[in-house]
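Student: here's a sequence, model it:
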Amino acid sequence: MHFFRWLTSRSVRKAGELGDAVLKILNHQRDQLSPAAIQAVEEALTQFRGVVRGGTREKIQEQMKSLERTANEWLQPYPHHTLRDNLVMLLEIAVLIVGSRAFLIQPMVIPTGSAQPTLWGVTSTDLRETPGASIPSLPVRIWEKVMSGVSYHHIVAPADLEVRGVDDQPRTILPFVKRQNILTSAGPIPVWFPPEGFAQHLGLVDASGRPKKLQFRKGEDVVKSRVVTGDHLFVERVAYNFRRPERGETIVFRSEQHPGMTANTHYIKRLVGLGGERIRIGDDRHSYINGRQLTTNDPGFERVYAFDPAKPPQANIYSGHVNGTVWHEATGTVGPTRNFPNGTTEVAIRPGHYVCFGDNTMNSADSRYWPVPDFPREQVIGKSWMVFWPFLRDGRWNAGWGAN
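Tutor: Okay, here's the model as predicted:
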């Protein structure tokens, strides 16, 4: 009954807040107050609660004033109480954020393109290679940054110079403000808010890491680049406390010290093989589990296998899963597919372990490549839930529910 009164009466809710505040201050000051003060406040609280539970609106308001007078008479005022209340509120918010991150949801940024086109990593365009390309006006740049996560970087050589390298890591100048330098014969040139893959995305090196150009004349463009941030998404951490991850889900897992993975970071891939199963990748670009072909009818693979088999596999387009034979036929090179060199090789997945592939099969280091293809299920922390930024991707709505 009291809950119903609290739910339907604003006066009861306000009275409850007042009673909680007075009790909180009383408990904080018990070691400083006299026995008479403690008794007076406790009696006032007991009488107050009785009226709140069964009194009329007028009686409750009258009792609230009485409790406030008693509190002002017997409790000690806090100096700078507004500052104190704000600090307590900030602390509570911080605890809520930390708790949510640890047990409910965790934000994550997609740095690479291994999950494209399901989830996009950082992408860039070297505008020096686009005749007539220009940097938009400031209002347009602000709009594109807020809505699409687009940043423009334009650096003109202040003198004749030679590029000699870049800083290994960005330097944090202020919270959320980072700087990374291009090292030149004319001195370091700072780049503010550098993207992941700094040198490549600014057009200083190609995909193989080789410098595009070293010598620049005064007034020449050293950098003229359009960089689009990777998807920012929430990782849902609750479901796997009650069930095991399921095939086809896009899962997030810790790399720890797993061979072939970047140590102590997080990966996001699609779960394909479960512990105790045998998996192979056929020349038809479909994965086979214990001899059964995975198709678009399997949950989570509706888009992955919805490719045109007459077209060769391509990066950033759903092309199924590619083994070593198909990779060589498509590119003429040896790809990151050593664990699946052909359509007949099977990998036995250890119990309690998983095998995962990236959706961008032509640009993904995954279980096809790692020296140990499967990893322990204890490393899984959650699954992709929803993209919250950027809002637009290539002019279309991007933020929303993430990969299944």
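Student: what sits against L204?
Tutor: Taking C-beta atoms under 8 Å, 6 or more residues apart in numbering, we find L204 in contact with V163, V166, I182, F198, P211, K212, V223. C-beta coordinates here come from the backbone N, C-alpha and C atoms, glycine included.
Student: oh sorry, the question was meant for R254
Tutor: Residues in contact with R254 (C-beta under 8 Å, 6+ apart) are N264, T265, H266, Y267, Q379, I381.
Student: which residues of this structure fall in helices?
Tutor: Using DSSP state H, the helices of the chain run over residues 2-8, 10-29, 35-54, 57-74, 81-103, 138-148, 198-201, 324-331.
Student: can I get those helices in TSV with mean neighbour count?
Tutor: Converted to TSV, the helices of the chain look like this (neighbours: other C-beta atoms under 10 Å):
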stretch	mean neighbour count
helix 2-8	11
helix 10-29	15
helix 35-54	15
helix 57-74	15
helix 81-103	11
helix 138-148	13
helix 198-201	20
helix 324-331	18
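Student: tell me which of the ones you listed lies nearest to A159.
Tutor: With C-beta to C-beta as the criterion, A159 lies closest to helix 198-201 of these, at 21.3 Å.
Student: in JSON lines, list the helices of the chain along with distance to H258 and mean pLDDT.
Tutor: JSON lines is the format used below for these (distance: least, C-beta to C-beta, whole Å; pLDDT from 0 to 100):
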{"stretch": "helix 2-8", "distance to H258": "50", "mean pLDDT": "65"}
{"stretch": "helix 10-29", "distance to H258": "48", "mean pLDDT": "85"}
{"stretch": "helix 35-54", "distance to H258": "57", "mean pLDDT": "87"}
{"stretch": "helix 57-74", "distance to H258": "59", "mean pLDDT": "88"}
{"stretch": "helix 81-103", "distance to H258": "22", "mean pLDDT": "62"}
{"stretch": "helix 138-148", "distance to H258": "34", "mean pLDDT": "94"}
{"stretch": "helix 198-201", "distance to H258": "25", "mean pLDDT": "89"}
{"stretch": "helix 324-331", "distance to H258": "21", "mean pLDDT": "96"}
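Student: would TSV of these with distance to G248 be doable?
Tutor: Shown next, in TSV, are these (distance: least, C-beta to C-beta, whole Å):
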stretch	distance to G248
helix 2-8	42
helix 10-29	46
helix 35-54	53
helix 57-74	56
helix 81-103	25
helix 138-148	29
helix 198-201	31
helix 324-331	22
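Student: H232 is nearest to which of the ones you listed?
Tutor: Ranking the helices of the chain by proximity to H232 (C-beta to C-beta) places helix 138-148 first, at 12.3 Å.
Student: about what we covered before: just the buried ones from the contacts of R254, in ChimeraX syntax?
Tutor: Selection of buried members from these for ChimeraX, criterion 16 or more other C-beta atoms under 10 Å:
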select :266,267,379,381
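Student: now the strands: where do they sit in the stretch 251-400 of the chain?
Tutor: 266-274, 278-281, 287-289, 292-293, 347-348, 353-357, 375-376, 380-389, 392-393, 396-397, 400-401 (DSSP state E, counting those that start in this stretch).
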